[in-house]
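Participant: Dropping a prediction and its sequence here:
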Amino acid sequence: MSTYSPLLGLFSLRIRTIPAVRNISIRTTLRRPNSSSAHPLARHLPSKPTAAPRSTTNTPPNKNSLKGDIPLYENSDQKLYRLAYFCAGGQFVLWITVADWCWRDLRVGTDEVDEQGRKKYVLAPAWERNSLAGFCLSVGLLFLAAVQLWTSRRVRSVTLLRGGQYVGLETSNLLLRNRHVLPTSSLRTTTLAANAVEASQPGGYIVLKPSSHKTGFMVDRAGEFLDARLFDKLFWKKA
């Protein structure tokens, strides 16, 4: 029996420990995997690109915002341009009157004579009356268009709009559009405004040429340059 005693002792020890093991309750906790634990490389992955906000620098500001900002030039003497419009309007009314007379009462002489020996006159043919009436209207419109074109190139004020990327130009014409918003970089001149300010008797014009127009805007030197240095810095380009 002595030879089997170690085996019997081991067997009895195993029997005593088995119930104790059965009574042990193993608790398991379920954890929700987060982005870092579920994907160990997630923190090293590049983040999704976010859409950049739309830039509004290329959108011209509202034309009504010409008031304010930084005024650069102003010509308050508009009497000559008003007088030009008055004369153009007066002559246009005159030519309309002549055209109406030609269309209604234009007469031509005939070979016949009346009882008193005077030459008889009859209403001119329709084509002749219409032609003369159209000619009179064309002359009146031509003068009016010339005044409109002349004043639409004369600058009344120059304003640097908020941000400095656009410039507002107001012209002296009374008809059609007289306000223009143009990029600052598109305007250029080869004449310094500082020279006109320093001159005792300024005269002539400074041509402000935009790249998008075939003809330039005429800035009268007799006007008031509110900031001649800034004007030259923005627009002056060496010829």
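Facilitator: Thanks, I have the structure now.

Participant: ok, Thr159 - contacts?
Facilitator: Leu66, Gly68, Asp69, Ile70, Pro71, Leu72, Val167, Gly168, Leu169, Glu170 (Cβ atoms under 8 Å, 6 or more residues apart in numbering). (Each C-beta comes from the backbone N, C-alpha and C, glycine too.)

Participant: Could you work out the most separated pair of those residues?
Facilitator: Of all pairs drawn from those, the one with the longest distance (Cβ to Cβ) is Gly68 and Leu169, at 15.3 Å.

Participant: Assign a three-state SS to Gly134, would you?
Facilitator: Secondary structure, DSSP: H, G, I helix; E, B strand; the rest coil: Gly134 is helix.

Participant: separation between it and Thr110?
Facilitator: 25 Å (Cβ to Cβ, to the nearest Å).

Participant: now Glu128
Facilitator: Noted for Glu128: a distance of 14 Å to Thr110, by Cβ to Cβ.

Participant: neighbour count winner among these two?
Facilitator: With neighbours defined as other Cβ atoms under 10 Å, Glu128 and Thr110 compare such that Glu128 has more, 13 against 10.

Participant: correct me, but the more buried one touches Arg107?
Facilitator: No: look at Glu128 against Arg107 with Cβ atoms under 8 Å: they stay out of range, at 10.2 Å.

Participant: Can you name the residues that contact the nearest residue to Leu123 once chain neighbours are set aside?
Facilitator: The shortest distance from Leu123 to any residue other than its chain neighbours is 5.7 Å, reached at Arg107 (Cβ to Cβ, 6 or more residues apart in numbering). Neighbouring residues of Arg107 by Cβ under 8 Å, 6+ apart: Tyr121, Val122, Leu123, Ala124.

Participant: most surrounded residue in those residues?
Facilitator: Each of these was scored by neighbour count (other Cβ under 10 Å); the top score is that of Ala124, with 17 neighbours.

Participant: Could you tell me what pLDDT the model assigned to that one?
Facilitator: For Ala124, the model assigns a pLDDT of 88.

Participant: May I have the residues that are in contact with it?
Facilitator: The contact partners of Ala124, by Cβ under 8 Å, 6+ apart, come to Leu106, Arg107, Val108.

Participant: Kindly indicate which of those lies nearest Ser212.
Facilitator: Leu106 (46.9 Å).

Participant: Would you confirm that the closest one contacts Leu123?
Facilitator: Yes: Leu106 lies in contact with Leu123 (Cβ under 8 Å); the separation is 7.3 Å.

Participant: Between these two, which contacts overlap?
Facilitator: Taking Cβ under 8 Å, 6+ apart as the criterion, Leu106 and Leu123 both touch Arg129.

Participant: List the contacts of the nearest residue to Leu174 once chain neighbours are set aside.
Facilitator: If the residues on either side of it in the chain are set aside, Leu174 comes closest to Tyr85, at 5.7 Å by Cβ to Cβ, 6+ apart. Shown in contact with Tyr85 (Cβ under 8 Å, 6+ apart): Val147, Thr151, Leu174.

Participant: Assign Tyr85 to helix, strand or coil.
Facilitator: helix.

Participant: tell me the contacts of Cys102?
Facilitator: Arg129, Leu132, Ala133, Cys136.

Participant: Can you list the buried residues in the helix or strand hosting it?
Facilitator: Using DSSP states H and E, Cys102 sits within helix 79-105. Of all the residues in helix 79-105, those buried under the rule 16 or more other Cβ atoms under 10 Å are Tyr81, Ala84, Tyr85, Ala88, Phe92, Trp95, Val98, Ala99, Cys102, Trp103.
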